[in-house]
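J.: Output the structure for:
(chains A and B)
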Amino acid sequence: MPTRPVEDDLRDVGKAVAWADGIADAAGVPAALRNDIQVCIEEALANLIMHAHAEGPKAIELSLDADETTALLQISDACLPFDVATAEIPAPDPGRTGGAGLKLLRSFAHEVRYARHGARNTLTLVFSTEPASRHALDPAVLPLVRRIPAFAEMADATLVDLLGAGRLQRYAAGEKLMTQGEPSAHALLLLDGEVAVVNESRHGSAPVARIAAPALIGEIGALAALPRTASITASTAIKALAIGRAPLLDAFSHAPAMLVSVIGQLGQQIKNTNTALGLYASGFAALERGDLEAELKDDLSNPTNELRNFADAFERLAKRVNQERRTRNEMETAALIQRQMLPLGVADPQGRCDLHAEIRTARNVGGDFYDMIWLDDRRLALAVGDVCGKGSPAALFMCVTVTMLRLAAREELPLDQMLRKVNALLYEQNPSSLFATLYFAVLDLDTRTLTYVNCGHNPPYVLGADGTCAPVEMGGPPLGVVPDKLWPVHTLTLKPGDGLFVFSDGVTEAMDAEQREYGEARLIEVLRAHAGSNPEALIHAVMADVDRFAAGAEQADDITCLAATLR
Amino acid sequence: MQLTVEDLPNGVTKAVLVGRLDIDGAAAVDMRFNVLAGAKRALVVDLSQVDFIASMGLRTLMSCARSIASKGGRMALAGPQDHVLKVLATSGVQDVIPVRASVDDAIAYVTS
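T.: Numbers count the residues shown, from 1 in each chain, chains lettered A, B, ... in the order given. All right, here's what the predicted structure looks like:
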């Protein structure tokens, strides 16, 4: 449909009218009709430019489509809503010099329709040279209409009467022919064009079917006087006959075959409904398996208008199920990567110490990690860290961190230089601005010295054989936050029976159902109570105590413990 | 839009409009119509050569007619083409400003 923007300036109206008249002239529209069209365009545009209010630009557009007998004019704008089709016409007033526009427009156009779409008004005006029913009786229409099953067997006279009772209507693409929920007073016999059947609900509009001419639509509603069960929107320009209930009933009484055809169509619709319900049930089952939000389940279990909402509810449901599945796969992959990165168990072949580490990942993969690496046959590197964030990016950052630590640890650099290097690398190659806390220690099993650096990690505890329990120092920012940093290196000398307990904040920040934290005090109590236990027993005691405290509450963060005890 | 003004005997003034009395046309002759409205008491507007009229043009004619009527004068429209007459009739302007088939009939009205 040819369209032209119209400036918000009266001086552009004449040009817009000339543009439209050029189209009408080229299409062979008779002169009298062309005059009416020009008058209406001037009235509508002048009214918009002089009187309409808009919050932004009026963005007026003029469209015209025409043939020898008919012209379809559309004027759309972004002004505040104004329904030209039903607005009150001011009473004639000899004192007034204006105000005739609305009256002229509604008198000159054969059909006036108004619609509001989003922030735009659309005024549709139809001009025609012929009375509606005469056009319908064009002999060429009969063979076309007979292609519709309901009319295939109908006697000529009955069909001619029925069509003669119809009123020819034209719609532009995008116009609404029927509105869901409105009373049905007529059926539409589509003669030309294609429409979309649209289900409307509080979730939005969902197209459910397309119907091309020739077709009879809305007849069941019209016959049964039911509200429209769906909206009908023009996908293309439409030519249709609107046929009222009375002529439809009259035609039925003369043509039982039409009744059979309508019953058949009803049967098909019931079948479609059953199919929809079947899909709905399967979708619901998938939803249950997918462990989705309770609210959505509730919405679907107790639908207020299940069939109306079916299309979009199912679409939403399928989207959610698939999204959940994708997320779950991603999580599982991330968790797998994470688990495979971490050592299962390390033992000292010379029996100088006992070691154990465990990680319990939260439902959404967290970023905890630990590591135990032999640097040579007497020095053991121990690491526990926590990457900020969750999901795949955090898991991958964790892998990078662990890999860099392993490579750097073997370079025989002093601890502070080693971590400076790892930090610089993590800082550089870190598009998502992730960071990791890290406690990194080297335990010399021959000298029993513990050399360590703490990069923003919660302080581990040094466990004395005598039951003492002392936190080590905090020390500076996490890895990956600042470009260059030398963390202080600390050294401790341990005695036989002393141990080290390193953990992530998932332990002390574990929550119970009332959102209370487990806390340091409870941890220290358990550590003291299990002084002298081997690392595995100690870690199991801590985790069991955390579990008792949480009492089944789901934890948001990973829980990681690493313990080493000297013999 | 062209406007030619001619003074006839008996104090009658004939204004002949030629062209489209659309928004642009109305804007072009508005000022001169105001002058006519202020100065004349018997005005005949020959519309026979007007090809188009819509409400902005009607407003020009109505405004002029109101001024003349307020001084006790008379104004008539003469010889509109069918489609112009349709606009005059539909808008109700015909009920306020008498429309006559010819200039002579219109002169007869304004001098009666």
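J.: what's A:Asp348 sitting at in phi/psi?
T.: Dihedral angles of A:Asp348 (phi, psi; degrees, to the nearest 10) stand at phi -90, psi 110.
J.: How many neighbouring residues does the closest residue to it other than its chain neighbours have?
T.: Closest residue in space to A:Asp348, ignoring its immediate chain neighbours: A:Leu445 at 6.6 Å, by Cβ to Cβ, 6 or more residues apart in numbering or on different chains. (Each C-beta comes from the backbone N, C-alpha and C, glycine too.) For A:Leu445, the neighbour count with other Cβ atoms under 10 Å in any protein chain shown is 20.
J.: residue contacts, A:Leu445?
T.: For A:Leu445, the residues meeting the contact criterion (Cβ atoms under 8 Å, 6 or more residues apart in numbering or on different chains) are A:348, A:350, A:352-353, A:378-380, A:566.
J.: buried ones in the helix or strand of chain B with the lowest mean pLDDT?
T.: Here the helix or strand of chain B ranked lowest by mean pLDDT, DSSP states H and E is helix B:93-96, holding a mean of 88. By neighbour count, with 16 or more other Cβ atoms under 10 Å in any protein chain shown as the criterion, the buried positions of helix B:93-96 are B:93-94, B:96.
J.: Any chance of these in a markdown table with distance to chain A as columns?
T.: Supplementary listing: the buried residues of helix B:93-96 in a markdown table, determined by distance: Cβ to the nearest Cβ, whole Å:
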| residue | distance to chain A |
| --- | --- |
| B:Val93 | 7 |
| B:Gln94 | 11 |
| B:Val96 | 5 |
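J.: so where does B:Leu47 fall, helix or strand?
T.: For B:Leu47, the element it lies in under DSSP states H and E is strand B:42-53.
J.: ok, now how distant is the residue nearest to A:Asp348 from chain B?
T.: A:Leu445 sits 99 Å away from chain B, taking Cβ to the nearest Cβ, to the nearest Å as the criterion.
J.: which stretches of chain B aren't confidently modelled?
T.: Segments of chain B classed as low confidence (criterion: pLDDT under 70) are not present in this model.
J.: And the helices in it, which stretches?
T.: Counting by DSSP state H, residue ranges of the helices within chain B are B:23-39, B:55-70, B:82-91, B:93-96, B:103-111.
J.: Return the residues in contact with the residue in the stretch 51-200 of chain A positioned nearest to chain B.
T.: When scored by Cβ to the nearest Cβ, the stretch 51-200 of chain A has A:Ala100 as its residue closest to chain B, at 3.6 Å. When contacts are counted by Cβ under 8 Å, 6+ apart, A:Ala100 is found next to B:55, B:58, B:90-93.
J.: how about 7 Å then?
T.: Contact partners of A:Ala100, counting by Cβ atoms under 7 Å, 6 or more residues apart in numbering or on different chains, are B:55, B:58, B:91-92.
J.: again with A:Arg406
T.: Under the criterion of Cβ under 7 Å, 6+ apart, the contact list for A:Arg406 reads A:Ile373.
J.: Quickly note the distance from it to A:Cys399.
T.: For A:Arg406, the distance to A:Cys399 equals 11 Å [Cβ to Cβ, to the nearest Å].
J.: swap in A:Ala46?
T.: With Cβ to Cβ as the criterion, A:Ala46 and A:Cys399 are 70 Å apart.
J.: do A:Ala240 as well
T.: 64 Å.
J.: Tell me which of the two has more neighbours.
T.: When neighbours are counted by other Cβ under 10 Å, A:Ala240 comes out ahead of the other of A:Ala240 and A:Cys399, with 27 against 17.
J.: right, and that one touches A:Ala187 too?
T.: No - between A:Ala240 and A:Ala187 there is no contact under Cβ atoms under 7 Å: 9.6 Å.
J.: How far does stretch B:47-64 stretch from one end to the other?
T.: The first and final residues of stretch B:47-64 sit 15 Å from each other (Cα to Cα, to the nearest Å).
J.: ok, and for that stretch, which residues are buried?
T.: Using 16+ other Cβ under 10 Å as the burial criterion, the residues of stretch B:47-64 that qualify are B:47-48, B:50-62, B:64.
J.: Of those residues, just say which sits nearest to A:Val29.
T.: B:Phe52 (15.1 Å; Cβ to Cβ).
J.: so that closest one makes contact with A:Ile37?
T.: No - using Cβ under 7 Å, B:Phe52 is not in contact with A:Ile37; the gap is 11.2 Å.
J.: beta partners for the closest residue to A:Ala234 other than its chain neighbours?
T.: Taking Cβ to Cβ, 6+ apart, and ignoring the residues beside it in sequence, A:Ala234 has A:Tyr171 as its nearest neighbour in space, at 4.4 Å. Legend: beta-bridge partners of A:Tyr171 under DSSP bridges are A:Ile238.
J.: how far away is the closest residue to chain A within chain B from A:Leu104?
T.: Minimum separation of chain B from chain A (Cβ to the nearest Cβ) falls at B:Ser91, amounting to 3.6 Å. Between B:Ser91 and A:Leu104 the distance, using Cβ to Cβ, works out to 6 Å.
J.: list the residues that contact both of the two?
T.: B:Ser55.
J.: so A:Thr437 sits in a helix?
T.: No - under DSSP: H, G, I helix; E, B strand; the rest coil, A:Thr437 falls outside any helix and is assigned strand.
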